[in-house]
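Q: Here's my sequence, what's the structure:
(chains A, B and C, ligands or ions: 2)
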Amino acid sequence: QDVPTLRFSAVVSDQDIRASMMNQFADLVREYANVENYFGATMFRQGTELVALQRDNLEMGNIAPQDISEQIPEWSILTSAYLFRDAAHLRTFFDSEIGEEFKAMAEDRLGIRILGPTYFGARQVGLRGDKQITTPEDMAGIRLRMPGGDAWQFLGESLGANPNPVAYAEVYTALQTGTIDGQDNPLPNVQNMKFYEVMDQIVLTSHLVGYDLLVISQSAWEKLSPEGQEAVQAAADQVIEWSENMHLEMEASLLDEFRAAGLNIYEPDRDAFRVYAQQHYLNSDISASWPEGALEAINAL
Amino acid sequence: MNLFDPFVVCIITLVGLALFGLPIGHSMIAASILYLFLAGLDMGTAAEQLLNSMFTSYTMLAVPLFILAAEFMNSGSMTMRLLNFSNALVGRFRGGLAQVNVLQSLLFAGMSGSAIADAAGMGKVMMKLMTHNGKYTPSFAAALTAVVAVVAPILPPSIPMVIYALVSNVSIGYLFLAGIMPGLLITVSQMMLVGWSARRQNFPTEPPVPLRELPGLTLKAIPALMLPVVLILGLRGGMMTPTEAAAVAAGYALFVSMVVYRDVGLRQFYDSLQSAARTTTSIGMLIAAALVFNYVITVENIPSNINQFLLSFELSPLMFLLMVNVLLLLVGALLEGTTIILIVVPVLLPTAHALGIDPVHFGVVVVFNVMLGLVTPPYGMLLFVVKRVSGAPLGAILRDTVPFLLGLLGALVLITLVPDIPLLIPRLFGYSG
Amino acid sequence: MDRIAMIGRWLYRRAENIQALMLGVMFFAFMAQVTLRYLFNFSTGWSFELTVVMWLWMVLWGAAFVVREEEEIRFDLLYGSVRESVRRIFTVITSLALIGLYLFSLPAILDYVLFMKVQSTAYLKIRFDYLFSIYILFVLGVVCRYVWILWTALRNRPRKRGDDPKASSTL
Ligand code: NA
Ligand code: NA
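A: Ligands and ions are numbered 1, 2, ... in the order given. You can find the predicted model right below:
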């Protein structure tokens, strides 16, 4: 029968949990839509999917909140350090009233409909050397690789480190040779890119809950029948929960795996890090665009 | 096959425009625009793909910088000093000047990523020296210069390896290291072949350079010889990423020429910038256009369809690699090398991956093939360079390349069959493949 | 006519200067980046971005205003082996196709470039519509050049062809 085609493009490889998530999604909504998945950034480059959605060159994507905050400054709060405590807190937020307000902003201003947050692991600091890290002060002078861009570099500073932009593909060699002292990524990425081979320790800072947003363009959404919309949302809820559980399980088993590989893994004084980071954000221009009372409301959830 | 299918029209247009002499880059962009229109897609995507892909391909910056480094080396006396040094070492043997040609190519290869730069720069000088007073026939001098230049992009640094890294996401650092053993293997085989020809055809020797002059000549060549050392130490010592290494290579070559040897001034500095920028445009347009065309290929699911097709033959990894060799040698005879890496190789990568072939090993095999394409007729860039400089007829040059080509083919087969050869050095530096 | 040719040559040399300058900026930004990080442990995000901007602009600027016919990488087997008159027919066909397709796509491309005003680069905060406007210049420059090539071919002038292999491949 004649159902609308939904092109989905993402950076993740076809081996990733999120690729499997999207394949399941395609199966679940088969009756109402023909989902075409393109993995490995072969269709649109990382960070360009949002514009492609806005211009109707793409119907679905897994969009980073950082990309949304570029066009909606209020959203930058959702990319700040130590905002969400864990995956559950993240989901609670997007189901809450204030979460709906943020979703409405994206819908009104960008013409995209957010189906839900896709958790992919908490970011942890991985380092060379054996210097014990307890507080942000211990991070002083450490060349920490952060993704490119002011917002990410600021996140690195809010950990007390000396942030450095190095291309993701060059991080392994840069760590191996000591061009940088460390990197911050969720554990599944650390395994994927084999960073653990060239690291000596993992400091469990959990400074940022890593997530993207499973998104459908408003125009594609409106082309679906009411039952189709219901099915798409239900399927999204189902696969997002599955993917979240897979990531949580994976993080737990990776900790064991990395320990077995000889890495020193420990938790620093997270409260000290949280206070330092939130203070750093509040003292800067970045927090000027945050909606009034949003931080407190999210903290209270 | 439906002749009015947008993809079929796109391919026919691309091939037609390219055959009729439109630059390949423009042919790809124009054909892609036509595809977007016929498929009912947004034609703005042509710009979207080109701009975003170029803007995010940070590692590609190594290409203009390696070109710039070669310009700096060729504009000063760096390469001449390497020649004098090589002559002092191997000039005294039978076929001495021919051996000098092989050795200087090896030394140049450690600093430059471009075979064309080798042949057009140092190669010119070598051909003149070899044909002076009728020591060697112009065709032999030309043939030898063409085949020894092949080693430049196989030993690190290497422009085609950077481009392979773009399409395969393989670490440039490990690719570079994997080129070392094959590069040395090629040089040894070429020296043996020259030695064999020298005895058979009774090539002349050069007046031996007195041994007491060797230290002086070495000293003069040392700043130039240090460049590969600086690169390797800088990379391994954590001073820089591979992309930055290209900039450091250019910076070092500039420093040696301007400050140590003092034979490059501001004028030559500017000319080098200008010349490198021009060359960057030619190759950059090809990369940019391939990035647009890649969108068409992706939308049409070509790589995964070809992957399915190839996997249906249940090839063994070895059979696949041998097939790739034959295929690339055939297209290499006809097409420019950058185009092959950007267009042909991406459709082979998924299958190589599925068969468990090491991506670094695969990269070395691919680059080796593309280099062979530079010396195989009818379309061989290196052949054109040496033909123009030497004035020898193409047929005579081709005849004289035969033993060397066979040597290169032998080395290619060996490297294809024994992945341990290219992977030996990367593994020493921590590569786990 | 001489005056116009003179102005043309003058403009061409300035286009060359600008392109060389872009490579120079890229080179020195890299030097600064390596030196500052290695010697002073000082990270420079701006240099990272500046180099990529230069790369994008250098290629498209060069393709529009600097590159010469004989420097382009092309497939020479058929084109290089036919008679001059046949080659001229080829040139007319390919020029028309290029001019037609590039101009036909221009409105959609303008639309995209203008849309990009909603985003800015990560460090230098250059608005993407400004940054990407180089593609418009590229299309206009190339179209003008091919109008000229078409005109020359139609007027029966033999087209200057060289085979400077140094420029037409860099491998
Ligand atoms: Na080299
Ligand atoms: Na060839």
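
Q: only C-alpha atoms for contact and neighbour calcs from this point on.
A: Will do.

Q: Residue A:32: what secondary structure?
A: Three-state secondary structure (criterion: DSSP: H, G, I helix; E, B strand; the rest coil) places residue A:32 in coil.

Q: for it, phi and psi?
A: phi -110, psi -20 (degrees, to the nearest 10).

Q: So what's the residue count around it?
A: The tally of other residues near residue A:32 (other CA atoms under 10 Å in any protein chain shown) stands at 22.

Q: Check chain A for the residue nearest ligand 2 and tell me.
A: residue A:42 (29.4 Å; CA to the ion).

Q: where does whatever residue of the stretch 201-350 of chain B ends up closest to ligand 2 land on pLDDT?
A: For the stretch 201-350 of chain B, the nearest residue to ligand 2 under the criterion CA to the ion is residue B:333, separated by 3.2 Å. Residue B:333 carries a pLDDT value of 85.

Q: That one reaches residue B:377, doesn't it?
A: Yes - when contacts are counted by CA atoms under 8 Å, residue B:333 is listed as touching residue B:377 (5.6 Å).

Q: Comparing those two, which shows the higher neighbour count?
A: Neighbour comparison, residue B:333 and residue B:377: the larger count goes to residue B:333, with 19 against 16 (by other CA under 10 Å).

Q: Name the helix or strand for that one, please.
A: In this structure, residue B:333 sits in helix B:317-334 according to DSSP states H and E.

Q: tell me the mean pLDDT over whichever helix or strand comes after that helix?
A: Once the chain leaves helix B:317-334, the next helix or strand it forms, by DSSP H and E, is helix B:337-339. What helix B:337-339 shows for mean pLDDT is 85.

Q: cool, stretch B:63-73 as well?
A: The predicted model gives stretch B:63-73 an average pLDDT of 89.

Q: Could I get the contacting residues of the residue of the stretch 201-350 of chain B closest to ligand 2?
A: Residues counted as contacts of residue B:333 (CA atoms under 8 Å, 6 or more residues apart in numbering or on different chains) are B:373, B:374, B:376, B:377, B:378, B:379, B:380.

Q: now those residues as JSON lines including pLDDT and distance to chain A?
A: As requested, the contacts of residue B:333 are arranged in JSON lines below (pLDDT from 0 to 100; distance: CA to the nearest CA, whole Å):
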{"residue": "B:373", "pLDDT": "91", "distance to chain A": "28"}
{"residue": "B:374", "pLDDT": "90", "distance to chain A": "30"}
{"residue": "B:376", "pLDDT": "90", "distance to chain A": "33"}
{"residue": "B:377", "pLDDT": "84", "distance to chain A": "34"}
{"residue": "B:378", "pLDDT": "79", "distance to chain A": "34"}
{"residue": "B:379", "pLDDT": "78", "distance to chain A": "31"}
{"residue": "B:380", "pLDDT": "84", "distance to chain A": "31"}
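
Q: Residue B:206 touches residue B:96, doesn't it?
A: Yes - counting by CA under 8 Å, residue B:96 is a contact partner of residue B:206 at 5.8 Å.

Q: neighbour-wise, which of the two wins?
A: Set residue B:206 next to residue B:96 and count neighbours by other CA under 10 Å: residue B:96 wins out with 26 against 17.

Q: Spatially nearest residue to the more buried one (excluding sequence neighbours)?
A: The shortest distance from residue B:96 to any residue that is not its chain neighbour, by CA to CA, 6 or more residues apart in numbering or on different chains, is 5.0 Å, and that residue is residue B:205.

Q: where does the stretch 151-300 of chain B come near ligand 1, residue by residue?
A: Of all the residues in the stretch 151-300 of chain B, those in contact range of ligand 1 (CA under 5 Å from the ion) are B:152, B:153, B:155, B:156, B:157, B:158.

Q: please redo it, this time with the cut-off set to 6 Å
A: Taking CA under 6 Å from the ion as the criterion, the stretch 151-300 of chain B approaches ligand 1 at residues B:152, B:153, B:154, B:155, B:156, B:157, B:158.

Q: Dump the residues you listed to CSV, plus pLDDT and secondary structure.
A: Conversion of these to CSV gives the following (pLDDT from 0 to 100; DSSP: H, G, I helix; E, B strand; the rest coil):
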residue, pLDDT, secondary structure
B:152, 91, coil
B:153, 92, coil
B:154, 95, coil
B:155, 92, coil
B:156, 88, coil
B:157, 88, coil
B:158, 90, coil
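
Q: In a markdown table: these, plus neighbour count.
A: Rendered in a markdown table, the data for these read as follows (neighbours: other CA atoms under 10 Å in any protein chain shown):
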| residue | neighbour count |
| --- | --- |
| B:152 | 30 |
| B:153 | 30 |
| B:154 | 33 |
| B:155 | 28 |
| B:156 | 26 |
| B:157 | 32 |
| B:158 | 29 |
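
Q: what helices or strands is the lengthiest helix in chain A leaning on?
A: Longest helix in chain A, counting residues (DSSP state H): helix A:226-260. With contacts defined as 3 or more CA pairs under 8 Å, 6 or more residues apart in numbering or on different chains; DSSP states H and E, the packing partners of helix A:226-260 are helix A:17-28, strand A:112-127, helix A:187-192.

Q: So which of those has the densest surroundings on average?
A: Most buried of the helices and strands packed on helix A:226-260 by mean neighbour count (mean count of other CA atoms under 10 Å in any protein chain shown) is strand A:112-127; its value is a mean of 24.

Q: In the sheet, which strands lie alongside that one, parallel or antiparallel?
A: Strand A:112-127 has the following strand partners under DSSP bridges: strand A:182-186 (antiparallel), strand A:201-217 (antiparallel).

Q: can the ones you listed go into JSON lines with extra columns for mean neighbour count and mean pLDDT?
A: JSON lines is the format used below for the strands paired with strand A:112-127 (neighbours: other CA atoms under 10 Å in any protein chain shown; pLDDT from 0 to 100):
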{"stretch": "strand A:182-186", "mean neighbour count": "26", "mean pLDDT": "94"}
{"stretch": "strand A:201-217", "mean neighbour count": "22", "mean pLDDT": "96"}
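
Q: Stretch B:316-330 near chain C at all?
A: No - residues of stretch B:316-330 are not located near chain C by CA under 8 Å from any CA of the partner chain, the shortest gap being 14.4 Å.

Q: Tell me the buried residues in that stretch?
A: Within stretch B:316-330, the residues scored as buried using 16 or more other CA atoms under 10 Å in any protein chain shown are B:317, B:320, B:321, B:322, B:324, B:325, B:328, B:329.
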